[in-house]
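**Student:** Starting from these lines, generate the structure:
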Amino acid sequence: MSPLETHPGVFVVVVNLPPGYHQYKFIVDGEWRHDESQAFMPDPLGNVNNWLFIRRPEPTSPSAEQQQQASARERLEREQGGEETYGVSVQGTEQTTGIVQPLNLAEEMEITKKRVVEFLHTHTAYELIPESGKVVLLDASLPVRQAFHALYEQGIPAAPVWDGTKYAITGMISAGDFIHILRKLRSTSKQNHVLSEGDMDAHTILEWQHESLVETRGPRNLVYVKPEDTLQKVANLLVQTRVALVPLLSGEPDSQPEGQLLLHLATLSGILACLNRHFRASTASLPLLSQPLDRLPVGTWAVPRETSADAPWKLPEQRQILALKLHTPLTEALQLLLEARVSALPVLDDQGSLLDIYARSDIIALARGKTYSQLNWDEVTVAQALTLAHSAAAAKNAADHMQNFGEESMNSMTRACVISRKESLRTAVDRLSIPGVRRLLVVEAGTHHVEAVVSLSDVCAFLFT
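**Tutor:** Next up is the predicted model:
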């Protein structure tokens with residue numbers, strides 16, 4: 001270590017590097033980071049590092065110590081002097097300077113999407129599998145009542161179905177299926193619209209699957225992914241099929257049982273989390289993420305917005321945001337969820353201010369204490385259903401504090417995640433990367449009126465396609 005000339009108290013460590021490419025990082029406040037003003041690149045493990053190329057020394061080139069001191073001096077002057085220019089000086093290379101010009105929106109979009117697509121094509125679904133976790137399979141011969149209770153007890157909104165006669169995973173059963181089941185059983189119940197355990201035990205998961213096939217006019221292939229599939233393929237599958245999660249299998253569904261182990265449930269939030277981890281130390285490499293939400297063609301907006309002159313896109317027209325009131329009958333709310341093909345709806349007061357959300361997964365809360373068999377379905381309101389959902393979640397958390405299942409534990413689900421219209425797309429991506437967060441509600445600060453709904457699939461469709 002030697003003192004740096006003209007800067008008392010600053011010392012330099014000289015490291016003699018052999019000719020070739022070298023990668024390095026800086027430790028700042030206890031975290032390893034890289035300098036975005038210098039050249040950087042990802043390594044084979046996905047970490048982003050700075051790099052430099054050392055040429056073979058020329059006979060007239062300055063000593064290594066002089067070069068190290070000059071490089072350190074330049075870096076210190078940039079940090080302390082706040083200069084707008086930058087330079088890189090390495091053995092045998094000339095120092096270059098230039099003013100960084102701001103990018104327009106078209107360039108930001110091109111650069112961001114290019115890097116995101118490159119990331120998705122070079123990383124696989126294997127990276128979605130956590131180091132430690134659990135998977136849950138439901139046997140197709142289970143009565144729907146037991147399946148209903150199993151989802152509640154495990155704290156999950158959906159699970160793959162295993163058919164023992166075929167030795168294969170044949171599909172998924174989710175909260176949406178239970179909404180269909182409860183509505184159908186309620187319409188055929190002989191007990192004044194009150195469901196009994198006998199009604200729920202009269203049908204198995206397999207029978208429900210067969211009835212669904214008849215109603216949808218034909219079988220549907222199982223939607224799944226494998227560990228070697230690229231994240232681009234997984235993302236496209238989730239966006240195009242509009243499903244929240246897909247099984248991640250070790251082999252083909254029609255292969256031998258030992259060749260199709262269920263490894264995980266792949267979700268869009270898991271892919272966003274991988275993207276966040278990869279670019280955490282180089283946020284400037286995705287410049288489009290710094291744009292405010294109200295300038296981007298993302299989400300469903302009920303208020304007018306302004307389009308930037310250099311925007312390479314056209315903002316969609318305003319649309320009414322579907323919402324519920326506390327006095328809305330639960331049967332009407334469930335029907336609206338199915339017809340609109342959405343996973344949740346905001347709940348507003350009489351002034352239009354946001355109070356809560358009611359999601360499809362909240363139907364699972366009715367399994368607590370066999371609540372479904374004690375309700376008169378014609379009289380239950382959204383307010384009562386929300387009370388049941390909140391109390392069920394609180395009781396479940398207090399009982400066992402169980403860990404998250406995959407990406408979609410109901411116990412960890414945030415109720416109404418809000419954001420302002422001027423917050424950046426990066427903030428939205430960060431929040432949607434949290435397991436269980438499926439949508440963000442854009443609210444006005446003073447009135448808490450809902451201005452827009454930005455869903456996980458909206459953001460992923462914008463960034464990934």
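
**Student:** Now the residue lying closest to M200 once chain neighbours are set aside, what are its backbone angles?
**Tutor:** Spatially, and ignoring its direct neighbours in sequence, M200 is nearest to R145 (3.4 Å; C-beta to C-beta, 6 or more residues apart in numbering). No exception for glycine: its C-beta is placed from N, CA and C like everyone else's. Main-chain torsions, R145, degrees, to the nearest 10: phi -60, psi -40.

**Student:** quick one: R145 from I156, how far?
**Tutor:** 17 Å (C-beta to C-beta, to the nearest Å).

**Student:** okay, the residue nearest the centre of the chain: pLDDT?
**Tutor:** With distances taken as C-alpha atoms, centre = their mean, the residue of the chain nearest its centroid is S269 (1.8 Å). Reported pLDDT at S269 in the predicted model: 94.

**Student:** Can you give me every residue that contacts it?
**Tutor:** The contact partners of S269, taken as C-beta atoms under 8 Å, 6 or more residues apart in numbering, are E407, L432, S433, I434, P435, G436, V437, R438, L456.

**Student:** Just the buried subset of those residues, please.
**Tutor:** Taking 16 or more other C-beta atoms under 10 Å as the criterion, what is buried in these is E407, L432, S433, P435, G436, V437, R438, L456.

**Student:** Could you point out the bridge partners of L440 in the sheet?
**Tutor:** Counting by DSSP bridges, L440 forms beta bridges with V454.

**Student:** Thought A428 was touching it, still the case?
**Tutor:** Yes - assessed by C-beta atoms under 8 Å, L440 is found in contact with A428 at 5.8 Å.

**Student:** Now list whatever residues contact both of these two.
**Tutor:** Common neighbours of L440 and A428 (C-beta under 8 Å, 6+ apart) are I419, V454.

**Student:** E5 and V13, how far apart?
**Tutor:** Counting by C-beta to C-beta, the gap from E5 to V13 is 15 Å.

**Student:** Of those two, which one has the most company?
**Tutor:** Neighbour totals were compared for E5 and V13, and E5 leads with 11 against 8 (other C-beta atoms under 10 Å).

**Student:** Roughly how far does the more buried one sit from L17?
**Tutor:** E5 is 22 Å from L17, by C-beta to C-beta.

**Student:** Same check on H34?
**Tutor:** The value you get for H34 to L17, if C-beta to C-beta is used, is 17 Å.

**Student:** Same question for T387.
**Tutor:** 66 Å.

**Student:** do Q38 as well
**Tutor:** Plainly put, Q38 is 15 Å away from L17 if you go by C-beta to C-beta.

**Student:** for P157, same thing?
**Tutor:** Taking C-beta to C-beta, one finds P157 at 53 Å from L17.

**Student:** same check, this time on H210
**Tutor:** H210 is 68 Å from L17, by C-beta to C-beta.

**Student:** same deal with D378?
**Tutor:** 78 Å.

**Student:** now do V48
**Tutor:** From V48 to L17 the distance is 20 Å (C-beta to C-beta).

**Student:** what about these two, which has more around it?
**Tutor:** Remark: of V48 and L17, V48 carries more neighbours, 19 against 14, as counted by other C-beta under 10 Å.

**Student:** mind showing which ranges of the stretch 151-300 of the chain have poor pLDDT?
**Tutor:** 188-197, 199, 214-219, 254-259 (pLDDT under 70).

**Student:** any idea where the strands of it begin and end?
**Tutor:** 158-163, 168-174, 245-249, 262-267, 300-301 (DSSP state E, counting those that start in this stretch).

**Student:** As a markdown table, those strands with mean neighbour count and distance to K422 would be great.
**Tutor:** Formatted as a markdown table, these follow (neighbours: other C-beta atoms under 10 Å; distance: least, C-beta to C-beta, whole Å):
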| stretch | mean neighbour count | distance to K422 |
| --- | --- | --- |
| strand 158-163 | 22 | 35 |
| strand 168-174 | 21 | 35 |
| strand 245-249 | 23 | 32 |
| strand 262-267 | 22 | 28 |
| strand 300-301 | 20 | 14 |
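
**Student:** Same list, these, but as JSON lines with distance to P130 please.
**Tutor:** Formatted as JSON lines, the strands of the stretch 151-300 of the chain follow (distance: least, C-beta to C-beta, whole Å):
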{"stretch": "strand 158-163", "distance to P130": "17"}
{"stretch": "strand 168-174", "distance to P130": "20"}
{"stretch": "strand 245-249", "distance to P130": "11"}
{"stretch": "strand 262-267", "distance to P130": "7"}
{"stretch": "strand 300-301", "distance to P130": "32"}
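
**Student:** right, and those - which one's nearest K226?
**Tutor:** K226 lies closest, by C-beta to C-beta, to one member of the strands of the stretch 151-300 of the chain: strand 245-249, at 6.0 Å.
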